[in-house]
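> Using only what follows, build the 3D model:
(chains A, B and C)
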Amino acid sequence: MLIGEVVGSVVSTRKDEQLESFKLLVVQVRDHSNQPKDQYVIAVDSVGAGTGDLVLYATGSSARQTLTTKDKPCDAVVMAIVDSWDVGGENVYEKWSS
Amino acid sequence: MYLGRVTGRLVATVRYEGMDNVKLQLLEPLDEAGKPTGEQLVAACALSVGPGDLVHYIDGREAALALPDETFVPVDVAITGFVEQAHVNGADLPLDLAPEGAPQGAPQAEGQR
Amino acid sequence: MILADVIGTVVSPSVQVPALDGRKLLVVRPVQPEGAPVGPKPRIAIDTIGAGVGDRVLVIDEGNAGRQILSAPNAPVKTLIIGFVDEVEIDGRRVYDHGAPS
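This next block holds a predicted model:
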């Protein structure tokens, strides 16, 4: 999985009918020191994430291993909302600190 | 499967249902000299490993199969084992790069985990 | 399937993944047919043929095939060594010959 920030959402009315009811999020990838990368992914939401949340997303066929995305044309899914992480014992991100 | 080193841990209380008992670890893939390749991943983990540990991990759909309970979960990287010894290109890779200040475990102690 | 050179060994207890129990894990470096390395990351592969360091081998990196070979339907396995490479020929030109003196 990779860490990213939800920076927006995508609305698409004309799409494959299997994608109806999906919430599509624009996720900007972060590295482990919480620096944004110039890399974006459109992921289906499975946990109720919103703009500003730091999330984990899974890609590839693993993204179809949720009840909402099973057998659907989907290759990225947001599967967790990040509370905190630390690297080498040092806290990098804490959701509730600010 | 690939070689990696655990660099940290990550907490996420809101997550896809069915993976409540799964720990999430930060991981960096290693090249054949044991140096980080620059990529950084978050891996699901059912083993007790911690920062500095050398591990092997699996990616793709098979990663979810490494979890103990529910395997129909959106997990694309999972740690499959703790590496006790890795001998590559004629030399042993360093086993434990513990954070500064932490005592370095002797090779004998590593085997008893 | 990919071609790879066996470059090392890994010792790992298999408490969590029973399918790996008793299996030999080898470090392999994916290579192009002519022998140039592919990518910076070596792979950890399950040996099914008795390969050793220095061998050029055939590796599958796909879960379904791997699980069939090990007869382990739900095992988290993906990368397996399934054959020794004796010769590689491209456009009639032999680019690898195991028997040739190196």
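> got any ranges where chain A has weak pLDDT?
Judged against pLDDT under 70, the low-scoring parts of chain A cover residues A:98.
> Poorly predicted segments of chain C, please.
C:15, C:102.
> Pull up the residues of it that are close to chain B.
Applying CB under 8 Å from any CB of the partner chain, we find that chain C lies next to chain B at C:7-17, C:20, C:25, C:27, C:29, C:40-45, C:63, C:66, C:74-79. The way it works is simple: take the backbone N, C-alpha and C, and place the C-beta from them, glycine included.
> one more time with 7 Å, if that's ok
The interface of chain C toward chain B, taken as CB under 7 Å from any CB of the partner chain, is made up of C:7-14, C:16-17, C:20, C:27, C:29, C:40-44, C:63, C:74-79.
> Strands - which of the residues you listed land there?
C:7-11, C:27, C:29, C:43-44, C:79 (DSSP state E).
> how about residue A:5, what does it touch?
Residue A:5 sits next to A:27-28, A:30, A:36, A:54 when contact means CB atoms under 7 Å, 6 or more residues apart in numbering or on different chains.
> And residue C:78, by the same measure?
Counting by CB under 7 Å, 6+ apart, residue C:78 touches B:1, B:58, B:60, B:62, C:61-63, C:66.
> Redo those residues as JSON lines? Include secondary structure, distance to residue A:65 and neighbour count.
Below are these laid out as JSON lines (DSSP: H, G, I helix; E, B strand; the rest coil; distance: CB to CB, whole Å; neighbours: other CB atoms under 10 Å in any protein chain shown):
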{"residue": "B:1", "secondary structure": "coil", "distance to residue A:65": "19", "neighbour count": "27"}
{"residue": "B:58", "secondary structure": "strand", "distance to residue A:65": "14", "neighbour count": "26"}
{"residue": "B:60", "secondary structure": "coil", "distance to residue A:65": "11", "neighbour count": "18"}
{"residue": "B:62", "secondary structure": "helix", "distance to residue A:65": "11", "neighbour count": "27"}
{"residue": "C:61", "secondary structure": "strand", "distance to residue A:65": "19", "neighbour count": "18"}
{"residue": "C:62", "secondary structure": "coil", "distance to residue A:65": "17", "neighbour count": "14"}
{"residue": "C:63", "secondary structure": "helix", "distance to residue A:65": "13", "neighbour count": "21"}
{"residue": "C:66", "secondary structure": "helix", "distance to residue A:65": "18", "neighbour count": "23"}
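> Widest-spaced pair of the ones in strands among the residues of chain C next to chain B?
The largest separation in those, counting by CB to CB, is between C:11 and C:29 at 18.7 Å.
> Name the residues that touch the helix or strand hosting residue C:89?
Assigned by DSSP states H and E, residue C:89 belongs to strand C:87-90. Contacts to strand C:87-90, defined as CB under 7 Å, 6+ apart, come from residues C:33, C:94-98.
> repeat for stretch B:26-43
Outside stretch B:26-43, the residues touching it (CB under 7 Å, 6+ apart) are A:1-3, A:31-32, A:56, A:85, A:87, B:2-10, B:24-25, B:57, B:77-79, B:88-89, B:93-94, C:7, C:27, C:29, C:40-42.
> Ok, stretch A:10-26 next?
Contacts for stretch A:10-26 (CB under 7 Å, 6+ apart): A:6-9, A:40, A:42-45, A:49, A:72-73, A:78.
> Give me the buried entries from those.
Neighbour-count burial (16 or more other CB atoms under 10 Å in any protein chain shown) is assigned, among these, to A:6, A:42-45, A:49, A:72, A:78.
> May I have the secondary structure class of residue A:61?
helix (DSSP: H, G, I helix; E, B strand; the rest coil).
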